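>>> For reference, the sequence and a predicted model appear below.
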Amino acid sequence: MTSSDRRRGLLEGRMSRRKLLETGAVAAMGVAGAGLAGCSSDGASQSGTTPPASATSAAVVSTPDAQTAALAMGATLTGDPTGIGEVAPGTIFFPYFGNVTALLTDDGIVIVDTSLLGNGPPIVEELRKRTDLAVKAIIYTHGHIDHVGGTADFVKDADERGYERPRIYGHENVVPRFQRYERMAPWIRFINSIQFGVPVDADAPPAPKPVFAYPTDTFDERYDLSVDGESFELVHGIGETDDHLFVWAPERKVVCTGDFFIWACPNVGNPWKVQRYAEGWADGLDAIAALRPSTFIPGHGPVIHGEEAVQTACSDVSRYLRSIAEQVVERMNKGQWLEQILREVEPPADLTGKPYLQAVYGHPKFIVHGVWRQYGGWYDGNPADFFPAPTVDQATEIVRLASVAGLLNRARDLQTIGDLPLACHLVDWVCKVEPENAEARNLQRDLFAARSVIEGNMMSRNTFKGAAAEAEKHLS
């Protein structure tokens, strides 16, 4: 019996055809980890590598096409045990938020990512239905909590079974990331309440300080890990984070990409989060493609099978990112300012319909902001904004000149013709000057509620919903 046969024999459960969620889109939630809705899609055959019989489900696709668009980036926050299965010999895929992969060697297991806090127990339980091998290594693709939250449960399992605790591997920047999360926990809770549309009760007790399982082993650019004679290559790159890596298992031709691939427009230029890197993200995808993997396991969303399909997916996302970055840099070098660049830069037209580039979470305009922030400062090109007058003072003068009634009437006219962004500005000036003006707050609520209904991007939609709710508070 070969090693591959032995590993395959350790696996029980098979993946079934399934519906992930209700119609809609699923989005990766970074630090907070909250989900939207997805839809079903069945795996289809294609030329090239054929996935195992257990891999014919919505969690695995052969040709990424429109049918998988609404899968976007993940399963429910709690995952779907019916979708767990072997996607390559000795390789168990757990479609949780984020995805978890168990790589079985002859005498142990390598775990790539551990999902959210709370998902650890069911993942460990499902793993133990399939094998009693010891978990010898846990690898963090990066330090977002939807990728590191379940680690303590794997450690607990080792303790209960009398196994040696697994080593935890991550890039050296995971450590300062965890330290920053601990220091900034209240702020992160606040901004995540906006980003993910989960309001924080003002009367709720302070959130407990987060507890992380820190890496036991860190590295800089590359780490070659050997477990039971099998090699696993950990390769650093900057993209969604500065502590990112992907995991290459050359004997299996399997790659675990982490969030270098998330089944949505890449989350560069996040409005609330620290610097992210469009070109570094593209570099990571190019490095993955150069390995020519046959099984491509993303940080969120379904597995892609087949070398040709993997090459296409990597190439498309890389080209999308590079095009936007190059357009921004070109315009910056011509002396253009951010407002003009935001108006002019667009992603390649032939890529905007790709299922894994939909702006359901990240957005091409966010990427523009991210590239600008990487190469430029905060100055917007308007000298009046350099040490500006307080916005409430600006609003006071505008209201004095135009009158409350004039501004609100014009805002309604703009609402009628569909210019909701400009209408919001006019109403905002009134609300700054007269915060308890019921007429203004009613209109403000209605405008932002209308924008939330038509907005396809999750972050934008949640921001608009939050603004409508805030206006409603003033009315009550």
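Arrived safely, thanks for sending. Numbers count the residues shown, from 1 in each chain.
>>> Okay, and the residue lying closest to Q415 once chain neighbours are set aside sits in which element?
Nearest non-adjacent residue to Q415, counting by Cβ to Cβ, 6 or more residues apart in numbering: A423, 4.9 Å away. All C-beta atoms are positioned from the backbone trio N, CA, C, and that covers glycine. In the assignment (DSSP states H and E), A423 maps to helix 420-433.
>>> same deal with P121?
helix 120-128.
>>> Which residues does that helix contact?
13, 78-79, 81, 84, 92, 94, 96, 100, 102, 109, 114-115, 149-154, 157 (Cβ atoms under 8 Å, 6 or more residues apart in numbering).
>>> where along the stretch 301-450 of the chain do the helices fall?
Secondary structure of the stretch 301-450 of the chain (DSSP state H, counting those that start in this stretch): helices at 307-333, 338-344, 364-375, 391-402, 404-417, 420-433, 438-454.
>>> Any idea how far the helix holding P121 is from the middle of the chain?
Its chain's C-alpha centre and that of helix 120-128 lie 23 Å apart, by Cα atoms, centre = their mean, to the nearest Å.
>>> Also stretch 466-475?
28 Å.
>>> cool, stretch 413-432 as well?
With Cα atoms, centre = their mean, you get 32 Å for stretch 413-432.
>>> Can you list the buried residues in that stretch?
414-415, 420, 423-424, 426-432 (16 or more other Cβ atoms under 10 Å).
>>> just curious, which of those is nearest to H300?
Nearest to H300 among the buried residues of stretch 413-432 is L420, at 30.8 Å by Cβ to Cβ.
>>> Could you report the separation of that closest one from V235?
Look at L420 and V235: by Cβ to Cβ, to the nearest Å, they are 45 Å apart.
>>> one step back: show the average pLDDT along the helix holding A423.
Helix 420-433 shows a mean pLDDT of 98.
>>> neighbouring contacts of that helix?
Contacts to helix 420-433, defined as Cβ under 8 Å, 6+ apart, come from residues 391-392, 394-396, 398-399, 404, 407-408, 410-412, 414-415, 437, 440-441, 443-444, 447-448, 450-451, 471, 474.
>>> can you put the helices of the stretch 301-450 of the chain in JSON lines and add distance to A290?
Formatted as JSON lines, the helices of the stretch 301-450 of the chain follow (distance: least, Cβ to Cβ, whole Å):
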{"stretch": "helix 307-333", "distance to A290": "9"}
{"stretch": "helix 338-344", "distance to A290": "31"}
{"stretch": "helix 364-375", "distance to A290": "23"}
{"stretch": "helix 391-402", "distance to A290": "49"}
{"stretch": "helix 404-417", "distance to A290": "51"}
{"stretch": "helix 420-433", "distance to A290": "43"}
{"stretch": "helix 438-454", "distance to A290": "41"}
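>>> helices and strands around the longest strand belonging to the chain, which ones?
Longest strand in the chain by number of residues (criterion: DSSP state E): strand 230-237. Here strand 230-237 touches strand 134-139, strand 222-227, strand 244-249, helix 278-291, going by 3 or more Cβ pairs under 8 Å, 6 or more residues apart in numbering; DSSP states H and E.
>>> Name the stretch among those that sits most buried.
strand 244-249 (a mean of 27; mean count of other Cβ atoms under 10 Å).
>>> of the contacts of helix 420-433, buried ones?
395-396, 398-399, 404, 407-408, 411, 414-415, 437, 440-441, 443-444, 447-448, 450-451, 471, 474.
>>> Domains of the protein: list them as residue ranges, please.
Here the domain parsing of the chain from automatic domain parsing is 3-321, 389-475.
>>> where among the ones you listed is the average confidence lowest?
domain 3-321 (a mean of 82).
>>> residues near the residue lying closest to V310 once chain neighbours are set aside, how many?
Take V310 and drop its neighbours on the chain: the residue closest to it by Cβ to Cβ, 6+ apart is F296, 4.4 Å away. F296 has 27 neighbouring residues, counting by other Cβ atoms under 10 Å.
>>> now swap in the one 10 residues further on and tell me
G306 is flanked by 23 other residues according to other Cβ under 10 Å.
>>> ok, so what distance separates it from P364?
In terms of Cβ to Cβ, G306 sits 28 Å off from P364.
>>> What of G83?
To P364, G83 is 30 Å away according to Cβ to Cβ.
>>> One more: F178?
31 Å.
>>> which among the contacts of helix 120-128 end up buried?
Here, 16+ other Cβ under 10 Å leaves 13, 79, 81, 84, 92, 94, 96, 100, 102, 109, 114-115, 149-154, 157 buried among these.
>>> and those, which of them are in strands?
Those of the buried ones among the contacts of helix 120-128 lying in strands (DSSP E): 92, 94, 100, 102, 109.
>>> Would you point out the most distant pair within these?
Pairwise distances across those peak at 12.2 Å for F94 and I109 (criterion: Cβ to Cβ).
>>> Quickly list what's touching both of these two.
Residues touching both F94 and I109 (Cβ under 8 Å, 6+ apart) are 102, 127.
>>> mind checking how far V404 is from E434?
Per Cβ to Cβ, V404 is found 7 Å from E434.
>>> list residues touching both of those two?
Counting by Cβ under 8 Å, 6+ apart, the contacts common to V404 and E434 are A440.
>>> Quick check: the nearest residue to I341 once chain neighbours are set aside vs D286, distance?
In space, and not counting its chain neighbours, I341 is closest to R331: 4.8 Å by Cβ to Cβ, 6+ apart. Relative to D286, R331 is positioned 24 Å away (Cβ to Cβ).
>>> circling back to that earlier point, wait, which of the helices of the stretch 301-450 of the chain is closest to E172?
Here helix 364-375 is closest among those (Cβ to Cβ), at 21.0 Å.
>>> what sits up against the closest one?
265-271, 275-279, 321, 324-325, 328-329, 332, 338, 341-342, 345-347, 459.
>>> could you dump it to PDB, C-alpha only?
The C-alpha trace of helix 364-375 is given here as PDB (Å, rounded to 0.1, in the frame of the first residue of the first chain):
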ATOM      1  CA  PRO A 364     -12.100  48.700  -7.300                       C
ATOM      2  CA  LYS A 365     -12.500  52.200  -5.900                       C
ATOM      3  CA  PHE A 366     -11.200  50.900  -2.600                       C
ATOM      4  CA  ILE A 367      -8.200  49.500  -4.400                       C
ATOM      5  CA  VAL A 368      -7.500  53.000  -5.900                       C
ATOM      6  CA  HIS A 369      -7.600  54.400  -2.300                       C
ATOM      7  CA  GLY A 370      -5.200  51.600  -1.200                       C
ATOM      8  CA  VAL A 371      -2.600  52.300  -4.000                       C
ATOM      9  CA  TRP A 372      -2.900  56.100  -3.300                       C
ATOM     10  CA  ARG A 373      -2.300  55.500   0.400                       C
ATOM     11  CA  GLN A 374       0.700  53.300  -0.300                       C
ATOM     12  CA  TYR A 375       2.500  55.900  -2.400                       C
END
